[in-house]
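K.L.:
show me the folded form of this:
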Amino acid sequence: MRSASPATDRQLLRLAGLALPATVWMLGILGPPRTGLTPVYVGALTALLAGVALVDTTLPDGRASRARRLLWLGAELALAFAAVQVHGSLIRGSLIYLLPASRALLLFGERPGLALSLGVWPAYALNVGIYAWPDRLGEFVNYFAFLLPLDVVSIVLTLATIRQAADRQRVQALYDELSAAHAELKALHARARETAVTEERNRIAREIHDTVAHYLTVVNVQLEAAEKLGEAQPERAIEQVRRARRLALDCLREVRRSVAALRTSSLEELSLPRALGKLVGDFSSSTGLDVQLHVDLPDDARLAPETAQTLYRTAQEGLTNVQRHAHAAHVRVSLQRQNGHLELAVQDDGVGPAADHADDGAGFGLQGLRERVALLGGDLAFGPARPRGTRLVVSVPIG
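P.N.:
Okay, here's the model as predicted:
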């Protein structure tokens with residue numbers, strides 16, 4: 001945005017402070033008094049008008065002290081009075097009074113400046129009185145009528161300039177504020193975009209962990225069983241390999257669907273209770289563990305997708321941890337309503353959690369679960385169960 005600067009305004013004021021004395025000087029030279037162009041007259045008029053121009057170019061700003069501004073205005077008014085007196089003409093010479101009249105507004109603002117600009121008239125009246133005394137006092141009205149419209153025009157133009165400059169400053173201030181706000185919004189947008197990318201990466205990482213890691217754990221169990229059976233029970237070994245292959249295919253399908261929609265197929269096709277039943281059944285048949293499922297929720301219960309997804313991933317992560325670490329024989333998975341919340345628990349009868357893993361969210365799986373649950377305003381607890389084993393509990397509000 002381009003606008004006139006304070007430096008530009010000051011240059012225009014200086015030009016006016018030079019142009020008006022120069023004009024009065026030329027009028028005084030072209031129309032000299034009755035005594036003619038004497039060296040004394042030319043020297044005195046030139047010195048006085050040069051003094052007016054010099055004083056005007058040192059115009060202080062509105063932040064200067066009131067005494068300094070009053071002193072400056074008085075000096076310019078006195079020089080103008082002396083110039084008119086030496087000029088000897090109340091018509092051409094009185095133009096110099098336009099400078100102090102307009103400068104009073106620039107120095108003191110609109111209302112005080114208008115009051116102080118009236119000081120021009122006593123000085124001009126004194127000029128007229130000295131000039132017209134005693135024979136031409138009747139011409140007072142004519143002289144005043146000449147200067148009045150010029151004085152009014154000068155004041156009006158100065159007021160217009162002051163207000164225009166103030167408007168420019170306000171517009172510039174608004175523009176600066178808008179520019180700062182725009183820059184801040186750009187910075188906020190960049191931070192929000194970076195945060196969104198980070199959150200999406202974490203969400204994808206959780207999805208990969210909760211799907212691929214779960215299936216690969218079970219596949220690994222099947223292949224270990226097939227390796228142990230070996231040549232002693234080839235048919236059972238082959239069956240274990242076939243199960244591992246089916247699970248690997250399921251994992252591949254799960255990865256593809258996760259990449260496409262980041263949602264498990266079970267929850268796309270089934271309700272949460274039935275999806276949990278399928279998960280528990282597959283896990284039990286693959287690992288040989290005794291897994292009991294207790295669901296206190298209708299099969300057709302309508303849950304928010306994020307809630308169902310989080311509870312399903314909790315059961316998936318809990319069963320995966322049981323297979324990896326618990327060395328358990330029995331597992332219980334339960335889902336029930338509890339004081340306006342849905343609570344899903346996975347409990348085993350194994351060796352229990354390691355001391356450095358109890359209820360601290362160690363491991364990426366539990367960390368990812370904590371993030372999921374926190375986004376829903378829920379809680380996660382992980383620690384030892386009674387009388388033995390490990391218990392993972394997630395409680396989320398019913399959306």
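K.L.:
average model confidence for stretch 189-197?
P.N.:
Averaged over stretch 189-197, pLDDT sits at 78.
K.L.:
got the buried residues for it?
P.N.:
Within stretch 189-197, no residue counts as buried by 16 or more other C-beta atoms under 10 Å. For glycine as for every other residue, the C-beta is placed from the backbone atoms N, C-alpha and C.
K.L.:
tally up the residues packed near residue 85, please.
P.N.:
A count of neighbours around residue 85, defined by other C-beta atoms under 10 Å, yields 17.
K.L.:
ok now do it, which residues does it touch?
P.N.:
127, 130 (C-beta atoms under 8 Å, 6 or more residues apart in numbering).
K.L.:
and if you look at residue 105?
P.N.:
113-114, 117, 155, 158-159, 162.
K.L.:
same question for residue 33.
P.N.:
By C-beta under 8 Å, 6+ apart, the contact set of residue 33 is 41, 87-89.
K.L.:
how about the secondary structure of residue 158?
P.N.:
Secondary structure, DSSP: H, G, I helix; E, B strand; the rest coil: residue 158 is helix.
K.L.:
what's the neighbour count on the residue nearest to it when sequence neighbours are not counted?
P.N.:
Distance criterion C-beta to C-beta, 6 or more residues apart in numbering; nearest residue to residue 158, sequence neighbours excluded, is residue 102 at 4.0 Å. Residue 102: 26 surrounding residues under other C-beta under 10 Å.
K.L.:
if we can go back for a sec, and of the contacts of residue 33, the nearest to residue 282?
P.N.:
residue 87 (112.1 Å; C-beta to C-beta).
K.L.:
excluding residues flanking it in the chain, which one is nearest the closest one?
P.N.:
residue 93 (3.2 Å).
K.L.:
contact partners for that neighbour?
P.N.:
Residues near residue 93 by C-beta under 8 Å, 6+ apart: 24, 27-28, 83-84, 87.
K.L.:
ok, so of those residues, who is nearest residue 305?
P.N.:
Distances from residue 305 to these, taken by C-beta to C-beta, are shortest for residue 24, at 86.8 Å.
K.L.:
surely that closest one is in contact with residue 87?
P.N.:
Yes. With contact defined as C-beta atoms under 8 Å, residue 24 reaches residue 87; the gap is 7.1 Å.
K.L.:
that older thread, quickly name whichever of the contacts of residue 93 is closest to residue 369.
P.N.:
After measuring the contacts of residue 93 against residue 369 - C-beta to C-beta - the closest member comes out as residue 24, at 90.1 Å.
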